[in-house]
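Visitor: Okay, sequence plus prediction incoming.
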Amino acid sequence: MTFPKSSAALESKPPPRPSRTAKGKNPGRSREHNRRVVLELLRRGGALGRKELADLAHISTQAVTNIIDELMAENLLIDMGRKRTERGLPPIQYAINPEGAITIGLEIAVGALTAVVLDLGGNLRAKQQIPLPDMKSDIVLDVICETVTRLRATYQAQLMGIGVVMPGPFEIEGLSGVGPTTLPDWSGVDVARLLNQRCGVPVTVDNDANAAAVGEMLFGLGQNVSHFCLLYFGAGVGMGGIVADQPLRGAFGNAGEIGHIVVAPGGLPCQCGQAGCLERYVSLHALTEWMTRDGVAPDTDALHDLHAAGDPALMAWLDQAAPHLSLMIGLLENIFDPQTVILGGKMPRAILDDLIGRLAIPTSVANRRNRALPRVQRGQTGQESAAIGAAALPFFNAITPQLHQTEDQSIR
């Protein structure tokens with residue numbers, strides 16, 4: 001499975017063989033887990049034969065055969081033909097069928113709904129942006145249902161599920177419902193239940209940073225990276241963490257809410273009531289506020305053009321933002337010990353690249369010789385990373401093993 005492709009086609013490369021995957025279980029009670037393991041191996045490793053799948057998953061060849069037959073019947077796999085070998089009967093290779101299923105991802109932001117469709121191969125099949133002049137929850141949910149119905153009718157493949165993302169934090173006194181990133185009057189609205197009732201398919205709701213991290217894990221730089229932090233630049237800034245191939249959500253879904261960590265005590269006032277919060281210095285809202293001239297705030301296209309022209313004010317913003325971000329990255333490295341830190345979101349790519357180039361990260365546990373990955377790099381899923389991450393959530397729930405790689409317990 002590759003990361004989503006935009007209209008500008010990206011050169012495809014054969015996926016590397018999986019270096020670390022969950023192991024299967026032979027008892028019948030773990031059949032669903034075994035199915036996830038097989039799908040994960042095919043997602044990471046590309047076309048594989050029954051024997052190779054059995055060896056990698058540590059389950060019997062017969063168990064793999066039963067799972068493949070089931071997945072073929074559901075149109076989720078395709079027969080790629082026999083692989084040429086030096087001797088003996090060549091094994092039949094199986095791969096994930098991109099046409100077998102789709103998911104719909106929806107990003108709710110203040111003023112706009114972004115909708116994307118991904119196929120099972122991780123290809124971006126559709127992208128739409130719908131204005132939301134009225135942010136009342138019942139009106140937005142009506143728009144979502146209309147959008148899902150319209151997109152669903154376009155494809156014959158089964159709809160595996162819907163993912164919905166919105167900015168956090170969720171249900172936190174003093175933080176929820178304040179600032180430019182949050183949705184007023186949505187407290188207590190059970191989005192997943194309401195949409196499930198109306199659309200009839202599984203619905204997963206998460207915050208934008210968590211979803212973007214899942215999308216990057218399945219389709220971007222996070223493939224075959226088991227531990228990473230993704231800093232997501234929406235209007236604010238948040239962190240999505242991947243630990244041992246699993247998203248780090250916390251007890252209440254608010255893990256990684258770094259935007260309101262104070263990095264400049266006594267600094268710029270924040271609408272959360274504190275002063276000197278990170279997102280007052282390093283976020284898309286902070287940048288547009290800095291660059292607003294004569295009451296006109298630039299959009300992302302204008303910011304890209306200003307950066308390309310070397311606008312002095314934008315360069316000054318980068319100079320003041322980099323030290324705050326450097327300290328935060330060093331802190332995250334010491335807390336999470338990630339293989340890499342990825343920057344992504346709605347910030348223009350050239351500005352993210354420039355910001356990375358200005359970082360001066362303090363010494364941390366990430367200071368290691370012979371690093372396999374850079375300490376910080378820009379993600380691959382682009383400015384729609386949250387919406388793509390939303391579409392990735394149903395895939396993650398359906399095909400990714402949920403057990404620890406060495407735990408011996410049944411799925412509950």
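Guide: Sure thing, it's come through.

Visitor: What segments of the protein are strands?
Guide: Counting by DSSP state E, one finds strands in the chain at the ranges 48-49, 77-82, 92-96, 101-109, 112-119, 124-131, 158-166, 203-207, 228-233, 237-243, 246-248, 340-345, 376-378.

Visitor: Out of those, the one nearest residue 219 is which?
Guide: The closest of these to residue 219 is strand 112-119. By Cβ to Cβ, the value is 8.0 Å. Where C-beta positions appear, they are placed from N, C-alpha and C, glycine not excepted.

Visitor: now the angle from the lengthiest helix in the chain to strand 340-345?
Guide: Counting by DSSP state H, the longest helix found in the chain is helix 312-336. For helix 312-336 against strand 340-345, the angle by axes from the mean of the first three to the mean of the last three Cα atoms, to 10 degrees is 140 degrees.

Visitor: Residue 284 touches residue 347, doesn't it?
Guide: Yes: contact status for residue 284 versus residue 347: in contact at 5.5 Å, counting by Cβ atoms under 8 Å.

Visitor: shared neighbours, these two?
Guide: By Cβ atoms under 8 Å, 6 or more residues apart in numbering, residue 284 and residue 347 have these common neighbours: 233, 300.

Visitor: contacting residues for residue 265?
Guide: Counted by Cβ under 8 Å, 6+ apart, residue 265 has contacts 275-276.

Visitor: next one: stretch 107-126 to chain centre, how far?
Guide: 12 Å (Cα atoms, centre = their mean, to the nearest Å).

Visitor: Just the terminal-to-terminal distance for that stretch.
Guide: End-to-end distance for stretch 107-126, by Cα to Cα, to the nearest Å: 14 Å.

Visitor: For that stretch, list every residue counted as buried.
Guide: Residues of stretch 107-126 classed as buried: 107-110, 113-125 (neighbour count, 16 or more other Cβ atoms under 10 Å).

Visitor: Which pLDDT value belongs to residue 171?
Guide: Predicted confidence (pLDDT) for residue 171: 54.

Visitor: ok, residue 377 - contacts?
Guide: Applying Cβ under 8 Å, 6+ apart, the residues contacting residue 377 are 221, 340-343, 356.

Visitor: please redo it, this time with the cut-off set to 10 Å
Guide: Shown in contact with residue 377 (Cβ atoms under 10 Å, 6 or more residues apart in numbering): 221, 228, 340-344, 352-353, 356.

Visitor: Show me how this structure divides into domains.
Guide: 28-96, 100-212+388-398, 226-381 (automatic domain parsing).

Visitor: for the second one, the distance to its chain's centre please.
Guide: Meaning domain 100-212+388-398. 13 Å.

Visitor: Start and end of it, how far apart?
Guide: End-to-end span of domain 100-212+388-398 (Cα to Cα): 13 Å.

Visitor: shaky segments in the stretch 201-350 of the chain?
Guide: When residues are selected by pLDDT under 70, none of them lie in the stretch 201-350 of the chain.

Visitor: can we see that at 80?
Guide: 294 (pLDDT under 80).

Visitor: follow-up on the earlier one: format the strands of the chain as TSV; extra columns: distance to residue 185.
Guide: What follows is the strands of the chain, written out as TSV (distance: least, Cβ to Cβ, whole Å):
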stretch	distance to residue 185
strand 48-49	50
strand 77-82	45
strand 92-96	41
strand 101-109	13
strand 112-119	17
strand 124-131	19
strand 158-166	13
strand 203-207	17
strand 228-233	24
strand 237-243	21
strand 246-248	27
strand 340-345	25
strand 376-378	35
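
Visitor: which one of these is the most hemmed in?
Guide: strand 228-233 (a mean of 29; mean count of other Cβ atoms under 10 Å).

Visitor: wait, residue 288 sits on residue 351?
Guide: No: look at residue 288 against residue 351 with Cβ atoms under 10 Å: they stay out of range, at 11.5 Å.

Visitor: Overlap in contacts, those two.
Guide: Common neighbours of residue 288 and residue 351 (Cβ under 10 Å, 6+ apart) are 300, 303, 317.

Visitor: Buried ones among those residues?
Guide: Among those, those scoring as buried are 303, 317 (criterion: 16+ other Cβ under 10 Å).

Visitor: before we move on, the earlier item: so for the longest helix of the chain, what gets flagged as buried?
Guide: So for helix 312-336, counting by 16+ other Cβ under 10 Å, buried means 314, 317-318, 321-333, 336.

Visitor: Residue 342 bridge partners, please.
Guide: residue 230, residue 377 (DSSP bridges).

Visitor: dump the residue contacts of it.
Guide: Neighbour list for residue 342: 212-213, 216-217, 220-222, 225, 228-232, 240, 242, 373-374, 376-381, 385 [criterion: Cβ under 10 Å, 6+ apart].

Visitor: coming back round to it: what is the longest helix of the chain packed up against?
Guide: strand 228-233, strand 237-243, helix 284-291, helix 300-308, strand 340-345, helix 349-357, strand 376-378 (3 or more Cβ pairs under 10 Å, 6 or more residues apart in numbering; DSSP states H and E).

Visitor: helices or strands up against the second one?
Guide: When contacts are defined as 3+ Cβ pairs under 10 Å, 6+ apart, strand 237-243 packs onto strand 203-207, helix 208-219, strand 228-233, strand 246-248, helix 284-291, helix 312-336, strand 340-345, helix 385-399.

Visitor: Go again with 8 Å.
Guide: Contact here means 3 or more Cβ pairs under 8 Å, 6 or more residues apart in numbering; DSSP states H and E; on that basis strand 237-243 packs against helix 208-219, strand 228-233, strand 246-248, helix 312-336.

Visitor: Name every strand pairing with it and say which way it goes.
Guide: strand 228-233 (antiparallel), strand 246-248 (antiparallel).
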